[in-house]
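Undergrad: Coordinates for the following, if possible.
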Amino acid sequence: MTERFEYGDGPMRYAVLHPAEDAVGTVVLIHGGFWRGAPELFDGPTPLAEALVARGRHVWQIEYRQLPNGGGYPQTLDDVAAAIELLGAVAADRGLDLGPVVTVGHSAGGHLAVWALSRPDAVLPLAGAVSLAGALNLRLGDEEGIGSGAVTDFLGGTAAQHPDRYAAADPIARIDPSRPVRIVHGDRDDVVPMNQSDTYVAAAREAGQDAAVAVVEGDHMVVIDPAHPAFDALTAALEQIRAAA
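TA: Modelled structure (predicted):
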């Protein structure tokens, strides 16, 4: 049975548990939107959550504060970390076997999914992360103005103005070689450029991380469509991470 849990005050700080029967693992599912959103709208990819449950994975679908509604740096990062840690407490309380826990995020959620591998003071271990057309190189995103300046807005300024914030929030600056990262990205994505994925994979491999990108046909949204071949790429990535866990 689906359940909703609060991890803090306010309308944007909650998570929804979608349990699966005979689960082989758990997905922490993080929606996108360039770190911008309203508290009355939960715009997570619910069809994707349902498809993952049908494939035998618990799904922990999280909401978090976004701009201009209390989000930004560091609040959004703090919320994602808190939501992930709440999953561990809920599982312990209910005797739920999580199996390998993998973060999966779309667009800005892809950034948060990969960033979460290096979140400070982590308790619940993560087996890896899957980015679905995520923003994984924030300095480059700042330079190129992706999302009409979304990176700059999220971090409250440019990389030159706030190098400490970029160092703390940028996945490409916080690569953890001990856990794999998989990426699925559409070849016609005009929202998050392919160079966000390509530059991350190049840096990750140089740092010794098991990282790879699967390029699929389509735009920015096909990667969250369970009816698109991108979903097979996602499930294959999850199986690769589970095998390595």
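Undergrad: what comes up buried for the longest helix along the chain?
TA: The longest helix of the chain (DSSP state H) is helix 75-94. Buried residues in helix 75-94, counting neighbours by 16 or more other CB atoms under 10 Å, are found at 75-88, 90-91. Placement of C-beta: from N, CA and C, glycine included.
Undergrad: Please name the nearest non-neighbouring residue to Phe154.
TA: Spatial nearest neighbour of Phe154, excluding adjacent residues (CB to CB, 6 or more residues apart in numbering): Trp35 at 4.3 Å.
Undergrad: now do Asp198
TA: Val213 (6.9 Å).
Undergrad: if we can go back for a sec, list just the nearest of the buried residues of helix 75-94 to Phe154.
TA: Nearest to Phe154 among the buried residues of helix 75-94, counting by CB to CB, is Thr76 at 7.2 Å.
Undergrad: List the contacts of Ala245.
TA: Contacts for Ala245 were tallied using CB atoms under 8 Å, 6 or more residues apart in numbering; they are Pro100, Ala127, Gly128.
Undergrad: from these, which is closest to Asp22?
TA: Closest to Asp22 out of the contacts of Ala245 is Pro100 (14.8 Å), distances taken as CB to CB.
Undergrad: residue ranges for the strands of the chain, please.
TA: 3-6, 14-18, 25-30, 57-62, 101-106, 128-132, 181-186, 211-216 (DSSP state E).
Undergrad: circling back: by neighbours, which of the contacts of Ala245 wins?
TA: When neighbours are counted by other CB atoms under 10 Å, Gly128 leads the contacts of Ala245 with 28 neighbours.
Undergrad: check contacts around it.
TA: Neighbour list for Gly128: Pro100, Val102, Thr103, Leu117, Arg179, Pro180, Val181, Arg182, Ile241, Ala244, Ala245 [criterion: CB under 8 Å, 6+ apart].
Undergrad: Apply 6 Å and report the result again.
TA: Counting by CB atoms under 6 Å, 6 or more residues apart in numbering, Gly128 touches Val102, Arg179, Pro180, Ile241.
Undergrad: In TSV: those, plus neighbour count and distance to Ala20.
TA: As requested, these are exported to TSV (neighbours: other CB atoms under 10 Å; distance: CB to CB, whole Å):
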residue	neighbour count	distance to Ala20
Val102	26	14
Arg179	21	23
Pro180	23	22
Ile241	24	17
